[in-house]
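>>> structure for the following, please:
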Amino acid sequence: MDSDFGIARELSDLQKLRSLYQPELPPCLQGTAVRVEFGDSTTAADPSDDHTISRSFPNTYRQRLAHFLRDTAKVPNAQVITEHPAIRVGVVFCGRQSPGGHNVIWGLHDALKVHNKNSTLIGFLGGSEGLFAQKALEVTDDILATYKNQGGYDLLGRTKDQIRTTEQVKAAMAACTALKLDGLVIIGGVTSNTDAAQLAETFAVEKCPTKVVGVPVTLNGDLKNQFVETNVGFDTICKVNSQLISNVCTDALSAEKYYYFIRLMGRKHSHVALECTLQSHPNMVILGEEVSASKFTLFDLTKKICDAVQARAEQDKYHGVILLPEGLIESIPEVYALLQEIHGLLKQGVSVDNISTQLSPWASALFNFLPIFIRKQLLLHPESDDSAQLSQIETEKLLAYLVEAEINKRLKEGTYKGKKFNAICHFFGYQARGSLPSKFDCDYAYVLGHICYHVLAAGLNGYMATVTNLKNPVNKWKCGAAPISAMMTVHRYGHGAGAGAVSIGKPAVHPATVDLKSKAYDLFCQNARKFLMDDVYRNPGPLQFDGAGADSKAVTLCVEDQDYMGRIKKLQEHLDKVRNIVKPGCSQDVLKVALSAMASVTDILGVMSTPGAHTQFQE
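As a prediction, the model looks like this:
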């Protein structure tokens with residue numbers, strides 16, 4: 001009920017202690033002046049997408065990067081904003097709840113009040129539905145008091161996480177106009193930020209003065225690109241899940257008679273599963289990206305797990321822990337094709353009871369092969385993005401069922417001589433996403449909230465608040481903003497999970513897959529055999545807010561060298577040095593060397609930037 005939003009809540013002693021924690025701000029966000037340096041105009045990662053994106057976003061594409069600077073920075077062309085008139089800013093939760101979301105609002109509120117105490121923050125109640133209906137409350141420090149550093153989205157709540165249709169966009173613009181908003185901050189993941197970019201473009205076309213800013217907040221960890229290193233909530237989710245997994249690992253090692261199949265929340269991609277594996281060291285993890293790349297069938301997966309069980313049995317080990325990502329079911333080729341048929345029939349109005357009779361022969365054969373409980377779950381109506389209801393499909397029970405059947409078959413045939421196979425299944429989903437946020441997520445979210453104000457003060461529209469160099473201490477974080485349109489790609493064909501919902505040829509911020517060439521995945525591969533056979537379980541313990549472990553960060557964040565924004569600035573510095581050295585009047589030798597070196601560089605970059613070359617260099 002709307003009446004529940006924003007009310008003070010009863011806090012435990014730990015919650016009270018956490019509410020007193022004051023996140024640190026990087027030097028570039030301190031003080032009452034906004035110092036912004038604009039970089040070069042941005043472009044799409046894939047040059048072949050450039051024309052399509054520029055046509056869809058003529059007003060907000062090719063905008064420049066923004067870097068926010070500390071007051072001691074000596075950048076002659078930086079813009080220093082010292083006048084801060086009172087402004088009105090709206091904020092809305094558009095994605096699924098992710099630990100740390102409240103701190104984005106807190107950081108934004110504090111930044112507004114620091115720069116002008118008469119500024120106002122308006123929170124929309126019930127997510128995008130509240131935005132359309134203009135249901136809002138003024139966010140004050142008193143209202144925030146029991147939500148600082150707390151989990152959940154219950155300060156404002158959320159409903160549907162999309163602002164997409166013409167009617168929805170018009171309703172959002174009407175709300176911004178009626179409430180006289182100077183800015184609208186949208187908190188969410190890939191879908192929400194795609195909608196934010198479209199909203200910003202529409203506002204620009206319609207001359208609506210409201211500037212739109214996106215914030216990368218999603219537990220899935222899939223809003224990753226050259227500008228965004230990680231998402232608010234991912235750190236917490238993985239730490240909480242890793243402790244649960246580690247507890248199960250210890251239980252497995254103690255009883256020595258159970259195999260635990262654990263499915264983890266994270267939607268279509270396997271970022272959470274990979275990070276939890278690197279933190280807790282279970283025996284196996286089946287990544288959806290591996291399954292897609294190798295085109296593993298259900299039979300292949302069953303054989304893979306059974307072979308592992310058999311190998312462990314030969315060492316007299318009859319226990320183990322196996323992690324599965326939530327989206328694995330859509331990565332299995334034949335199951336994904338079956339789901340596409342089912343969803344197509346549901347769209348045509350075929351009743352659930354009659355679906356099985358309408359399937360093609362091969363799909364019908366697969367459907368009837370599956371256990372009854374999975375059949376019922378596959379028949380559930382798809383989500384708003386046309387993907388299956390992943391949280392409701394018990395992939396862990398399906399694989400446990402198939403593995404048990406195969407092990408029993410091998411027992412009967414005499415190819416497996418171990419003990420009886422016993423499986424216990426878990427789904428770790430909602431247990432983690434309402435957790436108190438980690439120290440990292442508290443800091444990261446609060447800083448992003450401050451950046452949102454800086455973006456608005458600089459008059460920017462269609463940008464996402466960004467922080468890079470995150471694996472280092474807060475005082476070394478680099479704060480900025482990047483146009484959301486520069487993060488977009490274009491899918492020209494349907495492929496992979498949920499592809500039926502993708503408007504082919506329409507630019508969007510697409511979820512990032514686990515990169516099978518990344519340092520994080522390579523680290524896993526180096527240890528996979530040891531994890532499988534040696535039971536090197538690792539227990540990071542409960543989420544820590546102080547002392548040992550409080551400052552630890554995601555392994556996948558720390559092993560990568562991702563400071564893209566920093567590298568862009570470093571490149572600009574080198575180019576400036578070249579301009580200063582090679583001036584009219586320089587020696588012939590200097591000019592010759594410069595011409596030779598620059599010709600080689602431009603030739604190579606020209607080949608790499610040719611439309612279509614992007615895919616080639618990724619393979």
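>>> where do the helices sit along the stretch 301-450 of the chain?
Assigned by DSSP state H, counting those that start in this stretch, the stretch 301-450 of the chain shows helices spanning 328-331, 333-347, 355-358, 361-369, 372-378, 395-413, 430-433, 439-457.
>>> which of those helices sits closest to Arg312?
Ranking the helices of the stretch 301-450 of the chain by their distance to Arg312 (criterion: C-beta to C-beta) puts helix 395-413 first, at 11.7 Å. C-beta: built from backbone N, CA, C; applies to glycine.
>>> so where's the stretch 501-619 of the chain uncertain?
Within the stretch 501-619 of the chain, the stretches with pLDDT under 70 are 501-504, 562-566, 569, 608-619.
>>> recalculate using a threshold of 80.
Applying pLDDT under 80 to the stretch 501-619 of the chain flags residues 501-505, 561-576, 579, 583, 585, 603, 605-619.
>>> same thing with the chain?
1-4, 159-161, 383-387, 492-505, 561-576, 579, 583, 585, 603, 605-619.
>>> could you rerun that using 70?
For the chain (pLDDT under 70), the answer is 1-3, 160, 384-385, 493-504, 562-566, 569, 608-619.
>>> could you point out the longest strand in it?
strand 34-41 (DSSP state E).
>>> list the buried residues for that one?
34-37, 39 (16 or more other C-beta atoms under 10 Å).
>>> which of those residues sits closest to Pro511?
Gly39 (26.0 Å).
>>> returning to that earlier point: pairing partners for the longest strand of the chain, with directions?
In the sheet, strand 34-41 lines up against strand 64-68 (antiparallel), strand 79-81 (antiparallel) (DSSP bridges).
>>> now do that strand: everything it contacts.
28, 62-71, 73, 75, 77-81, 84, 115, 454, 457-458, 568-569, 572 (C-beta atoms under 8 Å, 6 or more residues apart in numbering).
>>> filter the residues you listed to the buried ones?
Buried, going by 16+ other C-beta under 10 Å: 28, 62-69, 84, 115, 454, 457-458, 568-569, out of the contacts of strand 34-41.
>>> so how far is the next helix or strand after the longest strand of the chain from its chain's centroid?
As assigned by DSSP states H and E, the chain's next helix or strand after strand 34-41 is helix 50-56. Centroid separation for helix 50-56 versus its chain: 24 Å, with C-alpha atoms, centre = their mean, to the nearest Å.
>>> which residue ranges form the helices in the stretch 1-150 of the chain?
Under DSSP H, counting those that start in this stretch, the stretch 1-150 of the chain gives helices at 13-19, 50-56, 101-115, 127-133, 141-144.
>>> just the angle between the third one and helix 439-457, please?
Here helix 101-115 runs at 40 degrees with respect to helix 439-457, directions being taken by axes from the mean of the first three to the mean of the last three C-alpha atoms, to 10 degrees.
>>> so which elements touch helix 101-115?
Contacts defined by 3 or more C-beta pairs under 8 Å, 6 or more residues apart in numbering; DSSP states H and E place helix 101-115 against strand 88-93, strand 120-124, helix 141-144, strand 183-188, helix 439-457.
>>> need the ones you listed in a markdown table (columns: distance to Phe132).
Below are these laid out as a markdown table (distance: least, C-beta to C-beta, whole Å):
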| stretch | distance to Phe132 |
| --- | --- |
| strand 88-93 | 10 |
| strand 120-124 | 9 |
| helix 141-144 | 22 |
| strand 183-188 | 13 |
| helix 439-457 | 21 |
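>>> which of these sits most buried?
strand 183-188 (a mean of 30; mean count of other C-beta atoms under 10 Å).
>>> what's the helix or strand harbouring Ala597 packed up against?
Secondary structure from DSSP H and E places Ala597 in helix 588-608. Counting by 3+ C-beta pairs under 8 Å, 6+ apart, the packing neighbours recorded for helix 588-608 are helix 564-581, helix 613-618.
>>> all strands of the stretch 101-250 of the chain, in order?
For the stretch 101-250 of the chain, the strands defined by DSSP state E, counting those that start in this stretch cover 120-124, 136-138, 183-188, 211-216.
>>> turn the ones you listed into TSV, columns for distance to Thr166.
Conversion of the strands of the stretch 101-250 of the chain to TSV gives the following (distance: least, C-beta to C-beta, whole Å):
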stretch	distance to Thr166
strand 120-124	20
strand 136-138	23
strand 183-188	18
strand 211-216	17
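>>> among those strands, which is nearest Val490?
Comparing the strands of the stretch 101-250 of the chain by C-beta to C-beta, strand 211-216 comes nearest, at 18.9 Å.
>>> what strands line up against that closest one, and which way round?
Strand 211-216 is paired, per DSSP bridges, with strand 183-188 (parallel), strand 463-468 (parallel).
>>> on that earlier part again, would TSV of the strands paired with strand 34-41 with distance to Asn231 be doable?
Listed next are the strands paired with strand 34-41 as TSV, based on distance: least, C-beta to C-beta, whole Å:
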stretch	distance to Asn231
strand 64-68	20
strand 79-81	28
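>>> between those, which gets nearest to Ala171?
Using C-beta to C-beta, these put strand 64-68 closest to Ala171, at 29.3 Å.
>>> by how many degrees do the closest one and helix 564-581 diverge?
Using the same axes, to 10 degrees: strand 64-68 against helix 564-581 is 100 degrees.
>>> and Ile393, backbone torsions?
phi -100, psi 120 (degrees, to the nearest 10).
>>> how many other residues sit next to Arg410?
Arg410 has 18 neighbours, counted by other C-beta atoms under 10 Å.
>>> for the stretch 401-550 of the chain, just list every one of the strands.
423-428, 463-468, 478-483, 489-490, 507-508.
>>> so which of the ones you listed is the most packed in?
Using mean count of other C-beta under 10 Å, strand 463-468 ranks as the most buried of the strands of the stretch 401-550 of the chain, with a mean of 27.
>>> any idea how far it is from the chain center?
Distance, centroid of strand 463-468 to centroid of chain: 13 Å (C-alpha atoms, centre = their mean).
>>> stretch 431-441 too?
Distance, centroid of stretch 431-441 to centroid of chain: 15 Å (C-alpha atoms, centre = their mean).
>>> do the same with stretch 76-95
Its chain's C-alpha centre and that of stretch 76-95 lie 24 Å apart, by C-alpha atoms, centre = their mean.
>>> try stretch 233-251
Stretch 233-251 sits 18 Å away from the centroid of its parent chain (C-alpha atoms, centre = their mean).
>>> what do you get for stretch 465-485?
15 Å.
>>> quick check: end-to-end length of it?
13 Å (C-alpha to C-alpha, to the nearest Å).
>>> same check on stretch 139-156?
From start residue to end residue, stretch 139-156 stretches across 10 Å - C-alpha to C-alpha.
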